[in-house]
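Q: model this:
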Amino acid sequence: MNLLSQRPRSPEAAAIRERIFNVLPAASYQMEKLLGLLDITFSDATPTAAVECRATPRLLLNRDFVAEHCRADSDLFLLILHELHHVILGHTRLFPRVTRADNLVFDAVINAMLCQSVGRTLGTGLFERLYNFGKFPERLLRPPPGWPHAFSAALRSLPDREAEVIRLLYGPPRGGATYLEIHELLRRQLGPDVPGVRLLGDHGPEQPDDPLLKQTIRSVVEDWPPPPLPLRGRDEGRSPRDHWFTDNAAPGREFRQAFARLLRRCGLDSAKATHPRLRFRPDSREITRVSVLPDARDRRVAALRRITGRDPLVRLTSALEVKPRRLPVPVAHVYLDVSGSMSRALPHLVAVCREPFRRGELRLFAFSTVVSELTGRDLARASFANTQGTDINCVLTHLTALPARKRPRVVLIATDGYVGPARADLLSRLPRLRFVAALAGEIHRDDLAPWAHQLTDLPPP
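A: This next block holds a predicted model:
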């Protein structure tokens, strides 16, 4: 059944839907399912647009704002996409204490993503009319004049830090910009006070928590084409899907040696292995056997000969028996960050884990916003769930769920560091556990530094 026919619509809501569908073929966005779940309502409760979560989620639009600034269907579409991206990226959950500067950063990033993904087709008139490039910080919320072809001339008169932010947002991909990089640049430029700027969308403390709405948004977004502007860092990810390690990499000697040293600190020492999967230690003991053969070590013979007058028929003989005793193989517990920001470093980490995993010396877990243990002996065939997001608390929750006798003493976390803040209540339940972090790729230390016992930057692979 078409979701649009599931509940009656007001004439205004029907008109909004029709305007959105007018631009869908050009944008190639599958939004019929999503709009079928939302009631579209005009309201003065928001200055522009907002998603309100109730028993029936609502998309609130300000009638005056739409009439004045969204005369073209493409402008209305950009407004709605902007608000949905706040939900998709989970800004208020990833940044619990949001400031005015944070809100400006969020809008700058979202507007740049929309310009890069759909703005080339639909145009960027909404952002260009709302924000004056001649004013700061408004120029950070719109594409520069001449974009996307040549906009260097528009940046010549700007301060270096402002020009660098705009290049990160609207220039060609150069490894991608992070929220942190843009935020730090803005903070240095803005100082303690942020000038008042009208921002699009809802920047209140609440975002929709309705599971059905959240899941529908994610399922729709997963079919959207990826933006040309890669953004490193964190988001809430997608729905868990099965993934496999397919990339081949050949990390250098220094990278391998540094990772091997960390594994040894976690209890693994492959150099002592006498068998790929087993280890043995000689175990010797003296045993006594019954025999008819003479044995000078049997002291009973002389006494029995004196008593009975003849040699005994059965004699005792002793020997030293040496048998190998099987020892448990030390197993290192490694949690491997498989989120989207690890796409470059991950193949190299997988390469250094491949042999220890094959020998059974690694217990390997993939984590994003969920934890999935890898099984078997071949990493290329081991599937794992991956949402492409990142949250270290899923690792801590997984560790607390393990029985105390099966919980390791040391855990190695291989990541770029964009894992978010750890929950104090989970850490308090793991007082004896030592956390070692192997940092690779575009390294960020702030999330792990407050609680990890050791942070080690791996050399370039």
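Q: domains in the protein, by residue range?
A: For the chain, automatic domain parsing gives the domain ranges 3-232, 243-273+329-457, 280-327.
Q: what's near enough to touch the closest residue to L126 other than its chain neighbours?
A: Leaving aside its chain neighbours, L126 sits nearest to D75 (4.1 Å; criterion: Cβ to Cβ, 6 or more residues apart in numbering). Any C-beta I mention is one placed from the backbone N, CA and C, and that applies to glycine too. Going by Cβ atoms under 8 Å, 6 or more residues apart in numbering, D75 touches H69, G125, L126.
Q: centre of the chain to whichever helix or strand D75 is part of, how far?
A: Using DSSP states H and E, D75 maps to helix 73-89. Relative to its parent chain, helix 73-89 has a centroid offset of 24 Å by Cα atoms, centre = their mean, to the nearest Å.
Q: got a winner among the contacts of D75 for most neighbours?
A: Counting neighbours by other Cβ atoms under 10 Å, L126 comes out on top of the contacts of D75 with 25 neighbours.
Q: so, low pLDDT: which residues of this structure?
A: Low-confidence regions of the chain, defined here as pLDDT under 70, cover residues 1-10, 23-37, 53-56, 87-98, 173-195, 202-243, 246-248, 268-281, 325-330.
Q: which parts of the stretch 101-250 of the chain are strands?
A: 177-178, 231-232, 241-243 (DSSP state E, counting those that start in this stretch).
Q: tell me which of the contacts of D75 is nearest to A401?
A: L126 (47.3 Å; Cβ to Cβ).
Q: let me see the contact set for the closest one.
A: H69, C70, S74, D75, L78, L79.
Q: please apply the same query to R381.
A: W244.
Q: so how far is A13 from V51?
A: 14 Å (Cβ to Cβ, to the nearest Å).
Q: who's more crowded, these two?
A: It is V51, of V51 and A13, that has more neighbours when counted by other Cβ under 10 Å, with 23 against 19.
Q: give me the next element, helix or strand, following the helix or strand harbouring that one.
A: Per DSSP H and E: V51 is located in strand 49-52. The helix or strand immediately downstream of strand 49-52 is strand 58-61, counting by DSSP H and E.
Q: tell me what that next one is packed against?
A: strand 39-42, strand 49-52, helix 73-89 (3 or more Cβ pairs under 8 Å, 6 or more residues apart in numbering; DSSP states H and E).
Q: paired strands for the second one, with orientation please.
A: When sheet partners are counted by DSSP bridges, strand 49-52 sits next to strand 58-61 (antiparallel).
Q: check the first one too.
A: Sheet pairing for strand 39-42, assigned by DSSP bridges, gives strand 58-61 (parallel).
Q: contacts for the partner strand?
A: 16, 35, 38-43, 45-46, 48-52, 79-80, 83, 202.
Q: if you set the cut-off to 6 Å instead, what comes out?
A: Residues from elsewhere that reach strand 58-61, judged by Cβ atoms under 6 Å, 6 or more residues apart in numbering: L38, D39, I40, T41, F42, S43, T46, A49, A50, V51, E52.
Q: just name the closest of those to A452, please.
A: Nearest to A452 among these is V51, at 36.0 Å by Cβ to Cβ.
Q: and that closest one, bridged to which residues?
A: Here V51, judged by DSSP bridges, has bridge partners L59.
Q: distance of it from R261?
A: For V51, the distance to R261 - Cβ to Cβ - is 49 Å.
Q: how about the contacts of D75 in TSV, adding distance to S341?
A: Below are the contacts of D75 laid out as TSV (distance: Cβ to Cβ, whole Å):
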residue	distance to S341
H69	34
G125	32
L126	29
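Q: now, which of those residues sits nearest R409?
A: Looking across those and measuring by Cβ to Cβ, the closest to R409 is L126, at 56.0 Å.
Q: distance of that closest one from L399?
A: 47 Å.
Q: also R299?
A: 60 Å.
Q: let's check: the centremost residue of this protein is which one?
A: The structure's the chain has its C-alpha centroid closest to T390; by Cα atoms, centre = their mean the separation is 2.6 Å.
Q: isn't that residue up against G340?
A: No: T390 lies out of contact with G340 (Cβ atoms under 6 Å); the separation is 8.1 Å.
Q: rewinding a little: got the CA coordinates for the strand holding V51 in CSV?
A: The C-alpha coordinates for strand 49-52 follow below in CSV (Å, rounded to 0.1, in the frame of the first residue of the first chain):
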residue,chain,number,x,y,z
ALA,A,49,11.1,23.9,10.3
ALA,A,50,11.2,21.2,12.9
VAL,A,51,10.5,17.5,13.3
GLU,A,52,8.3,16.9,16.4
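Q: for it, the distance to its chain's centre please.
A: 27 Å.
Q: which residue sits farthest out from the middle of the protein?
A: Max radial position in the chain (Cα atoms, centre = their mean) goes to G309, at 87.6 Å.
Q: what segments of the stretch 101-250 of the chain are helices?
A: All helices of the stretch 101-250 of the chain, identified by DSSP state H, counting those that start in this stretch, fall at 120-122, 125-130, 152-155, 160-170, 179-190, 211-221.
Q: repeat for the stretch 301-450 of the chain
A: 346-358, 393-401, 424-428.
Q: tell me the most buried of the ones you listed?
A: helix 346-358 (a mean of 20; mean count of other Cβ atoms under 10 Å).
Q: from G201, how far off is the residue nearest to L126?
A: 14 Å.
Q: what do you get for E138?
A: 16 Å.
Q: higher neighbour count, the two?
A: Neighbours were counted for E138 and for G201 using other Cβ under 10 Å; G201 has more, 25 against 17.
Q: any idea how far the closest residue to the more buried one other than its chain neighbours lies from I287?
A: In this structure, G201 finds its nearest non-sequential neighbour in E83, 4.1 Å apart by Cβ to Cβ, 6+ apart. The gap separating E83 from I287 is 81 Å, by Cβ to Cβ.
Q: with neighbour numbers in mind, choose between those two.
A: E83 (22 against 9).
Q: and the gap between the more buried one and G420?
A: E83 is 23 Å from G420, by Cβ to Cβ.
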